[in-house]
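Provided below for reference: sequence and predicted model.
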Amino acid sequence: MPIYEFKAYTLAGKLQKGIIEADSQKSARVKLKKQGLMVSEMTEKNAAKPNASGGMPFFGGRVSVAEISLVTRQLASLVRANIPLVECLAALTDQTENEKLKVVLAQVRQDVNEGTSLAKAVSQHPKVFDNIFVNMIEAGESSGTLSLVLMKLADLKETQMRLRSKVQSAMTYPCLMLVVGVVLMLVIFTAVIPKLAKVFESLNKPMPPITQALINISDFVLNWWFLLVGLFFILVALFKRYISSKGGRPKWDQFKLKAPLIGPLIRMVAVTRFASTMSTLLASSVPILTAMNISKNLVDNAPISNAIQSARENITEGQSIAEPLRRSGEFPPMMIHMIAIGEKTGELSDMLKNVATTYEDQINSRVESMTALIEPIMIILMGGMVGFIVISVLLPLMDMSNINAH
């Protein structure tokens, strides 16, 4: 059933915007009229079109992982209750508050109602439903275990969401301190130091080198701030271009893995994402080659992704997964050992699930220790900057007191 975007006025003359489902535009207008709305504008929205599944200027927002996870879990519950799929999708469309997701679900329901499989219907909206979602739905439909697959998919989305949230929360406080520190330094160098410089210059006496350096920095920031801002944006643009290039991306990813403090955390996140994704896909009857290809794309780190690709090629030649992963040097020995055992016993999915659980716990402790270490480092850096400014200001004042004493 088509969805229409409308603008209408209430009986009190208040403008109201929204979307409505109807068989035709005429039916939509009749529905709105019964609600006491006078339609001034109405256009059909098709979620399969670029502006409906991508960055829609009309809807503006995006569909979050949390919303996809919730919808997936609700769909699993409805399917498990043996409710026809079209009716399940209709119920989800009515319940969803996100207008973008509502349009997408309505289009998916319409496609399924016309005979399209659910996997093919959701694949028409790649910016809402990713590859892992589509492949798992396809596996669930082909194996007759759609409700079970949907529950596993919801669990996977929630795991990814928790992992991302932990990393983001760990970096929030240090980033906030950094921003506050930079703003305070800018205020000091542009508003406070220039006034003190005039006082010091009125003494007609040579200033200590550290004080002169402080005044020179202040003058440079005050007179050439636009150059600094422009240089900053140019460097950011060049850096983004480099890390997006074919040659720069692997080097940047390798640098991140070797970086002190944050490198081990990045590796753990990538390994956990690989293990949890593979476990869920294999448990959902997705072929192992397809599962590795999806997992490789979700890792988002070139060296680890290349190691997975090498292991995938080994499987096509009838070899094991564990050996190429071990040779790459990118995966922890414990994980390699558990994968090898899983391959021998035929319980690879369970072993990968255990790996994901183990490393998720390690990520929690690593995030906590990293946060505890970053805070004093930031305090020391900010204290050093403040100390430099205080000493630079106090030295001339001490000279003034010595002159007055004589």
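Alright, I've got the coordinates.

which residues of the chain score low on pLDDT?
1-2, 45-61, 203, 399-406 (pLDDT under 70).

and the strands in it?
Here the chain has its strands, by DSSP state E, at 3-9, 15-21, 38-45.

point out the most buried one among the ones you listed.
strand 3-9 (a mean of 19; mean count of other C-beta atoms under 10 Å). Where C-beta positions appear, they are placed from N, C-alpha and C, glycine not excepted.

just want the angle from it to strand 38-45.
160 degrees (axes from the mean of the first three to the mean of the last three C-alpha atoms, to 10 degrees).

just checking, Ile100 touches Val63?
For residue 100 the amino acid is Lys, not Ile. Yes. Counting by C-beta atoms under 8 Å, Lys100 does reach Val63; the two are 5.8 Å apart.

overlap in contacts of those two?
The contact sets of Lys100 and Val63 overlap at Val128 (C-beta atoms under 8 Å, 6 or more residues apart in numbering).

of these two, who's got more company?
Here Lys100 and Val63 are compared on neighbour count by other C-beta atoms under 10 Å; more neighbours surround Lys100, at 26 against 19.

tell me the spacing between the more buried one and Asn314.
41 Å (C-beta to C-beta, to the nearest Å).

hey, what's Ile3 bridged with?
Per DSSP bridges, the residues bridged to Ile3 are Glu21, Lys45.

tell me the contacts of the closest residue to Leu148 other than its chain neighbours?
Residue nearest to Leu148 in three dimensions, not counting chain neighbours: Gly140, with 7.1 Å by C-beta to C-beta, 6 or more residues apart in numbering. Counting by C-beta under 8 Å, 6+ apart, Gly140 touches Leu146, Ser147, Leu148, Val149, Leu150, Ser284, Ser285.

among those, which lie within helices?
In this view, these that belong to helices under DSSP state H are Leu146, Ser147, Leu148, Val149, Leu150.

wait, Gln95 touches Leu75, no?
No. When contacts are counted by C-beta under 8 Å, Gln95 is not listed as touching Leu75 (10.7 Å).

which of these two has more residues huddled nearby?
Higher neighbour count among Gln95 and Leu75: Leu75, with 25 against 12, using other C-beta under 10 Å.

test my guess that Arg249 contacts Lys240.
No. The pair Arg249 / Lys240 is not scored as a contact, 11.1 Å apart, by C-beta under 8 Å.

of the two, which one has the most company?
Neighbour count, other C-beta under 10 Å: between Arg249 and Lys240, Arg249 has more, with 14 against 11.

and for the nearest residue to Leu105 once chain neighbours are set aside, the neighbour number?
Closest residue in space to Leu105, ignoring its immediate chain neighbours: Thr93 at 4.5 Å, by C-beta to C-beta, 6+ apart. Each residue near Thr93 was counted by other C-beta under 10 Å, and the total is 22.

wait, what's in contact with Thr93?
Thr93 neighbours (C-beta under 8 Å, 6+ apart): Glu21, Lys102, Leu105, Ala106, Arg109.

pull out the buried positions in stretch 108-125.
Buried positions in stretch 108-125, judged by neighbour count with 16 or more other C-beta atoms under 10 Å: 108-113, 118-119, 121-125.

next one: stretch 372-379
Within stretch 372-379, the residues that qualify as buried are Ile374, Met378, counting by 16+ other C-beta under 10 Å.

and it, how far out from the chain's middle?
24 Å (C-alpha atoms, centre = their mean, to the nearest Å).

how many neighbours does Leu146 have?
22.

could you check how far the nearest residue to it once chain neighbours are set aside is from Ser69?
Among residues not flanking Leu146 along the chain, Gly140 sits closest, at 4.0 Å (C-beta to C-beta, 6+ apart). Going from Gly140 to Ser69 by C-beta to C-beta gives 16 Å.

likewise for Gln110?
Taking C-beta to C-beta, one finds Gln110 at 23 Å from Ser69.

same question for Leu238.
From Leu238 to Ser69 the distance is 37 Å (C-beta to C-beta).

ok, these two, which is more surrounded?
Ser69 (19 against 10).

next up, the contacts around that one.
Ala154, Lys157, Glu158, Met161.

one more time with 10 Å, if that's ok
Counting by C-beta atoms under 10 Å, 6 or more residues apart in numbering, Ser69 touches Leu153, Ala154, Asp155, Leu156, Lys157, Glu158, Thr159, Gln160, Met161.

look at the closest residue to it other than its chain neighbours and say how many residues are nearby.
Leaving aside its sequence neighbours, Ser69 sits nearest to Lys157 (C-beta to C-beta, 6+ apart; 3.9 Å). For Lys157, the count of nearby residues is 23 (other C-beta under 10 Å).

contact partners for Ala90?
Here Ala90 is in contact with Met1, Glu21, Leu78, Ile83, Pro84, Leu105, Ala106, Arg109, Asn113 (C-beta under 10 Å, 6+ apart).

quick check: Leu257 touching Glu330?
Yes. Leu257 lies in contact with Glu330 (C-beta atoms under 10 Å); the separation is 7.5 Å.

joint contacts of those two?
In contact with both Leu257 and Glu330: Arg267, Ala270, Asn301, Pro303, Ile304, using C-beta under 10 Å, 6+ apart.

for the nearest residue to Ala291 once chain neighbours are set aside, which residues are in contact?
Computed as C-beta to C-beta, 6+ apart, the closest residue to Ala291 that is not its neighbour in sequence is Leu281, at 3.7 Å. Leu281 makes contacts with 132, 135-136, 139, 149, 152-153, 156, 287-288, 290-295, 349, 352, as judged by C-beta under 10 Å, 6+ apart.
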